[in-house]
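Trainee: A predicted structure for the sequence below; I have some questions about it.
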Amino acid sequence: MIRQDGVRVKVPASTANLGPGFDTLGMALSLYFYIEMKPAESTVFHLHGQDMAGLPEDKSNLVYTVAQMVFAEAGVALPELEISMYSDIPLTRGLGSSASAIVGALFAANLLIGSPFDRGKLFDMATAIEHHPDNVGASLFGGLITAIWDGSHAEYLRIDPPADLDVLVAIPDFQLSTSKAREALPTQISLSDAVYNVSHVSLLTAAFVANRLDLISSAMRDRIHHPYRAALVPGLSRILEEAAEHGALGAALSGAGPTVLALVDRRRQKEGELESFLLGVLKEQGIAAKTIWLKPCTSGAMELTMEKDVSFLENIKGEF
Ligand code: HSE
């Protein structure tokens, strides 16, 4: 059953790794990507919002190509689409913009053809496209996700983030592609570094479940990607070492960077101090950045009610 009027969906941004949880932990964040998808006579795009100018407006567009994967899997032909998008998520900064586009495309396309697939199947498809489940899992399910991927199937557990967790991100004004940030990583690590990360991510995950915010600062440390990526974000090493002295529970590179993320206990926020510290360290390295306070987002991808005769942009305006 094709929904001829089209569908509108909302998908959260995400942060991956949270320090030691490389390619496995992810958390949804309160920045959003919106898509409207409709059957059309010929394919057309309407792109709005953060960093959307310059994205392809033809059938090479990621949202279009991912939607076609859903139709092919379902055996449905729907080659022409009208796709509108609005995003608040900065591109290529480590806040899961491509994951939210992939999840949004899968979710919208599935709705458009009458929802033949459940979220578990969409998660497998999203992970097969993205190659790691952390960002896509968080965008699809919301909250905190811990996931494993065997190359064809992802198993996951969703955890509600601790209620007092706030998130401060410092977003540098340069882009860093995930592929470049992955090229900086070694192909092998030592047994002691593996043990270090396994123990830290285990404690971090348990601390989130048990609401033990006091354990985050020691548990959030990592030895398998930060040491190698530090050179790509000058100032990162100092931020990781000293953020706790300025009011953070812990800090990490957000996904593959360059955004730096600090977790904060909302009851103990020191007004302005952490922001000044993050921006000051980056500025000393000649990096302009902006900070945004975010919250963990507990909802994953969701359908928006289509209000009759209300345009896509009008419809989502009430959302922010
Ligand atoms: N886990 C991935 C990485 C996230 O750190 O490379 C990037 O999307």
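Mentor: Yep, it's here.

Trainee: host element of the closest residue to residue 293 other than its chain neighbours?
Mentor: Spatial nearest neighbour of residue 293, excluding adjacent residues (Cβ to Cβ, 6 or more residues apart in numbering): residue 168 at 5.7 Å. In this view, the C-beta of every residue, glycine as well, is placed from N, C-alpha and C. The secondary structure element spanning residue 168 is strand 165-172 (assigned by DSSP states H and E).

Trainee: what does that strand contact?
Mentor: The contact list for strand 165-172 (Cβ atoms under 8 Å, 6 or more residues apart in numbering) reads 15, 27, 29, 90, 93, 95, 213, 233, 248-249, 254, 258-266, 269, 274-275, 278-279, 282, 287-296.

Trainee: and that strand, what's its mean pLDDT?
Mentor: The predicted model gives strand 165-172 an average pLDDT of 96.

Trainee: any idea how far residue 272 is from the residue nearest to residue 184 when sequence neighbours are not counted?
Mentor: Spatial nearest neighbour of residue 184, chain neighbours left out: residue 228 (4.8 Å); criterion: Cβ to Cβ, 6+ apart. Residue 228 sits at a distance of 32 Å from residue 272 (criterion: Cβ to Cβ, to the nearest Å).

Trainee: So for those two, which residue has more residues nearby?
Mentor: Neighbours were tallied for residue 228 and for residue 272 using other Cβ atoms under 10 Å; the higher tally belongs to residue 228 (16 against 10).

Trainee: Enumerate the positions of stretch 108-122 that are buried.
Mentor: By 16 or more other Cβ atoms under 10 Å, the buried positions in stretch 108-122 come out as 108, 109, 110, 111, 112, 113, 117, 119, 122.

Trainee: got the contact list for the fifth one?
Mentor: With Cβ under 8 Å, 6+ apart as the criterion, the residues that contact residue 112 are 2, 3, 6, 7, 37, 38, 39, 67, 78.

Trainee: Pull up the residues of the stretch 101-250 of the chain that are close to the ligand.
Mentor: 132, 134, 135, 178, 181, 182, 225 (Cβ under 6 Å from any ligand atom).

Trainee: Pull the most distant pair out of these.
Mentor: Within these, 135 and 225 form the most distant pair, 14.4 Å apart (Cβ to Cβ).

Trainee: what about these two, which has more around it?
Mentor: Neighbours per residue, other Cβ under 10 Å: of residue 135 and residue 225, the larger number sits with residue 135, 34 against 25.

Trainee: List the residues that contact the more buried one.
Mentor: Contacts for residue 135 were tallied using Cβ under 8 Å, 6+ apart; they are 14, 15, 16, 26, 96, 98, 99, 100, 255.

Trainee: next one: residue 83
Mentor: 35, 36, 37, 38, 43, 44, 45, 46, 61, 63, 64, 67.

Trainee: Spell out the secondary structure type for the second one.
Mentor: In this case it means residue 36. strand (DSSP: H, G, I helix; E, B strand; the rest coil).

Trainee: ok, back up a step: sort out which residues of the helix or strand following the strand holding residue 168 are buried, please.
Mentor: Along the chain past strand 165-172, the next helix or strand (assigned with DSSP H and E) turns out to be helix 178-183. By neighbour count on 16+ other Cβ under 10 Å, the buried set for helix 178-183 is 178, 181.

Trainee: give me the number of residues near residue 304?
Mentor: Residues within reach of residue 304, counting by other Cβ under 10 Å, total 17.

Trainee: Tell me which residues touch residue 267, please.
Mentor: If you count contacts by Cβ under 8 Å, 6+ apart, residue 267 has them with residue 164.

Trainee: where does it land on pLDDT?
Mentor: The pLDDT attached to residue 267 in the predicted structure is 90.

Trainee: ok, it to residue 208 distance?
Mentor: According to Cβ to Cβ, residue 267 stands 17 Å off from residue 208.

Trainee: okay, which residue of the chain is out on the far edge from center?
Mentor: Within the chain, residue 41 marks the point farthest from the mean C-alpha position, 32.8 Å out by Cα atoms, centre = their mean.

Trainee: Do I have it right that that one meets residue 81?
Mentor: No: distance between residue 41 and residue 81: 10.3 Å, which falls outside the contact criterion (Cβ atoms under 8 Å).

Trainee: what about the closest residue to residue 285 other than its chain neighbours, how many neighbours?
Mentor: Here the nearest residue to residue 285 in space, its sequence neighbours aside, is residue 234; by Cβ to Cβ, 6+ apart that works out to 3.8 Å. By the measure other Cβ under 10 Å, the count of residues near residue 234 is 16.
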